[in-house]
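> Sequence plus the predicted model coming up.
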Amino acid sequence: MPHAFHLPAQMAELLGDDSLTLEELARACRRAPEWVSEHVEAGVIAPRPAEGSGLVTWRFASTTLVRARRVAELEDCFGADPHLAALTVDLMEEVGELRRQLRQLRPTGPSP
């Protein structure tokens with residue numbers, strides 16, 4: 001089974017863009033809800049604020065699930081602290097985006 005940080009970001013599109021609760025995100029990452037809260041407070045994972053019954057509750061996009069799983073995997077496999085793991089995930093996402101752009105710029109047919 002591939003590691004979570006090897007999953008392409010576009011895999012999140014398969015999940016849809018329904019918002020996940022803090023508990024659902026934690027369960028999907030095989031972490032405690034406190035892990036998610038700590039990473040949100042550190043700025044490693046970004047929630048979407050959702051208003052509900054006078055309280056602000058955190059909701060997470062499917063793309064955040066992919067990011068959180070990558071961060072968790074980097075922390076586990078390499079002992080990376082959360083900020084280093086987040087920086088690494090940022091760079092991985094940027095490389096993936098640049099590769100997608102490069103594929104779009106390359107001609108698909110045979111060269112003359």
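Done, it's in.

> Contacts only, for the residue sitting nearest the centre point of the chain.
Nearest to the mean C-alpha position of the chain, by C-alpha atoms, centre = their mean, lies Arg67 at 1.4 Å. Arg67 makes contact with 45, 89, 93 under the criterion C-beta atoms under 8 Å, 6 or more residues apart in numbering. Where C-beta positions appear, they are placed from N, C-alpha and C, glycine not excepted.

> which one of those has the most neighbours?
Counting neighbours by other C-beta atoms under 10 Å, the top entry in the contacts of Arg67 is Ile45, with 25 neighbours.

> before we move on, the earlier item: any idea of the mean pLDDT for the helix or strand harbouring the residue nearest to the centre of the chain?
Assigned by DSSP states H and E, Arg67 belongs to helix 62-78. Averaged across helix 62-78, pLDDT comes to 95.

> Would you mind measuring from Thr64 to Gly43?
Going from Thr64 to Gly43 by C-beta to C-beta, to the nearest Å gives 13 Å.

> ok, these two, which is more surrounded?
A side-by-side neighbour count of Thr64 and Gly43, using other C-beta under 10 Å, places Thr64 first with 21 against 10.

> quick one on the thing from earlier: columns distance to His39 on top of the contacts of Arg67, output as TSV?
As requested, these are exported to TSV (distance: C-beta to C-beta, whole Å):
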residue	distance to His39
Ile45	4
Val89	11
Glu93	16
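
> and which of those residues is nearest Leu105?
Closest to Leu105 out of the contacts of Arg67 is Glu93 (19.0 Å), distances taken as C-beta to C-beta.
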